[in-house]
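Peer 1: everything below, folded, please.
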Amino acid sequence: MYMTQFKIAREEVKKDHKERYDKAHKVVEPTWKIGETVLLQESTVKPGASKVITKQRFIGPYIIQDIVVGRPDVGPAYRLIDEKTGKPLRNLVSNDRLKKYNVNRQQFNARLPRLTESRSETPQRQQQTV
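Peer 2: Numbering: from 1, shown residues only. Reported below is the predicted structural model:
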């Protein structure tokens with residue numbers, strides 16, 4: 001009887017700590033939906049790899065095929081399919097490894113500096129800043 005009361009009290013404390021942490025860190029629950037296109041964070045580095053620094057951090061794009069809800073303390077996991085080949089990923093993926101894939105890159109490209117800048121403009125800009 002004592003162990004069950006202790007176990008219940010411990011679970012309540014854990015729940016209280018989680019609520020406080022979520023509030024302090026402004027935790028947002030994942031809102032992924034089936035059919036969304038995402039990128040997958042790849043953090044593994046093969047032994048002896050020479051491209052550790054230049055390696056792409058995100059691979060994909062992938063499509064979310066299914067949302068697997070297990071235990072409530074773990075959270076949902078996602079089953080992904082490769083968009084190009086249609087092959088499913090072998091393992092389930094958690095929310096923290098997903099990033100929204102934006103197909104429309106017009107806003108991103110508008111922020112990039114122009115590559116067709118004439119050579120005569122470049123020295124003038126440097127002189128103005130000095």
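
Peer 1: what's the end-to-end length of stretch 71-88?
Peer 2: 23 Å (CA to CA, to the nearest Å).

Peer 1: now do that stretch: distance to the chain's middle.
Peer 2: 13 Å (CA atoms, centre = their mean, to the nearest Å).

Peer 1: buried set for it?
Peer 2: By 16 or more other CB atoms under 10 Å, the buried positions in stretch 71-88 come out as 76, 78-80. The C-beta positions use only the backbone N, C-alpha and C, and glycine is treated the same way.

Peer 1: what's the lengthiest helix in the chain packed up against?
Peer 2: Using DSSP state H to define each element, the chain has its longest helix at helix 2-24. Here helix 2-24 touches no other helix or strand, going by 3 or more CB pairs under 8 Å, 6 or more residues apart in numbering; DSSP states H and E.

Peer 1: next structured bit after that helix?
Peer 2: Past helix 2-24, heading to the C-terminal end, the next element that is a helix or strand (DSSP states H and E) is strand 37-41.

Peer 1: take that following strand, keep the C-alpha atoms, and write them as CSV.
Peer 2: This file holds the C-alpha atoms of strand 37-41, laid out as CSV (Å, rounded to 0.1, in the frame of the first residue of the first chain):
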residue,chain,number,x,y,z
THR,A,37,6.3,17.3,-46.9
VAL,A,38,9.2,17.4,-44.5
LEU,A,39,13.0,17.2,-44.3
LEU,A,40,14.7,14.8,-42.0
GLN,A,41,17.7,15.8,-39.8
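
Peer 1: run through who's touching it.
Peer 2: Identification of contacts with strand 37-41 by CB atoms under 8 Å, 6 or more residues apart in numbering yields 32, 57-64, 80, 83, 89, 93, 96-101, 103.

Peer 1: CA atoms of the longest helix of the chain as PDB?
Peer 2: What follows is helix 2-24, C-alpha atoms only, in PDB (Å, rounded to 0.1, in the frame of the first residue of the first chain):
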ATOM      1  CA  TYR A   2       2.800   2.400   0.800                       C
ATOM      2  CA  MET A   3       4.500   1.700  -2.500                       C
ATOM      3  CA  THR A   4       1.400   2.600  -4.500                       C
ATOM      4  CA  GLN A   5       1.000   5.900  -2.700                       C
ATOM      5  CA  PHE A   6       4.700   6.700  -3.300                       C
ATOM      6  CA  LYS A   7       4.400   5.800  -7.000                       C
ATOM      7  CA  ILE A   8       1.300   8.000  -7.400                       C
ATOM      8  CA  ALA A   9       3.000  10.900  -5.700                       C
ATOM      9  CA  ARG A  10       6.100  10.500  -7.900                       C
ATOM     10  CA  GLU A  11       4.000  10.500 -11.000                       C
ATOM     11  CA  GLU A  12       2.200  13.700  -9.900                       C
ATOM     12  CA  VAL A  13       5.600  15.400  -9.200                       C
ATOM     13  CA  LYS A  14       6.800  14.300 -12.700                       C
ATOM     14  CA  LYS A  15       3.700  15.700 -14.300                       C
ATOM     15  CA  ASP A  16       4.100  19.000 -12.400                       C
ATOM     16  CA  HIS A  17       7.700  19.300 -13.400                       C
ATOM     17  CA  LYS A  18       6.800  18.700 -17.100                       C
ATOM     18  CA  GLU A  19       4.100  21.400 -17.000                       C
ATOM     19  CA  ARG A  20       6.500  23.900 -15.500                       C
ATOM     20  CA  TYR A  21       9.200  23.100 -18.000                       C
ATOM     21  CA  ASP A  22       6.800  23.400 -20.900                       C
ATOM     22  CA  LYS A  23       5.600  26.700 -19.700                       C
ATOM     23  CA  ALA A  24       9.100  28.100 -19.000                       C
END
